[in-house]
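Asks: below are the sequence and a predicted model; questions follow.
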Amino acid sequence: ASNAAGKDTTRVRLEITPDEKPTGDDPPTFLRRLQDLTVKVGTRTRFLVEIVSSTECRVRPNLLLL
């Protein structure tokens with residue numbers, strides 16, 4: 001984000017870990033990846049990601065504030 005007061009950026013690393021050993025050869029696949037967003041300070045933001053997997057997955061975001 002940038003305006004007359006300055007500039008700020010944020011990065012997120014998304015880690016996907018299967019809850020069990022995969023039964024097939026296919027790893028989890030992104031159907032919808034994270035997109036760059038421009039938002040106003042103080043507004044709510046939703047990050048949408050779609051993942052398909054043959055096993056249950058746990059998604060843990062790691063938020064890095066820069």
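Replies: Cool, got the structure.
Asks: tell me where the protein has strands.
Replies: Remark: strands assigned in the chain by DSSP state E are 2-3, 6-7, 10-18, 29-32, 50-52, 57-65.
Asks: now do the first one, average pLDDT.
Replies: Same thing as strand 2-3. Strand 2-3 carries an average pLDDT of 76.
Asks: just the fifth one next, same as before
Replies: When the per-residue pLDDT values of strand 50-52 are averaged, the result is 86.
Asks: what of the third one?
Replies: The predicted model gives strand 10-18 an average pLDDT of 73.
Asks: packing partners of that strand?
Replies: The helices and strands touching strand 10-18, judged by 3 or more Cβ pairs under 8 Å, 6 or more residues apart in numbering; DSSP states H and E, are strand 57-65. The C-beta positions use only the backbone N, C-alpha and C, and glycine is treated the same way.
Asks: just give the nearest non-adjacent residue to the residue nearest the centre of the chain, would you?
Replies: Nearest to the mean C-alpha position of the chain, counting by Cα atoms, centre = their mean, stands residue 14 at 4.7 Å. With sequence-adjacent residues excluded and distances taken as Cβ to Cβ, 6 or more residues apart in numbering, residue 14 is closest to residue 61, at 5.6 Å.
Asks: good, wrapping up.
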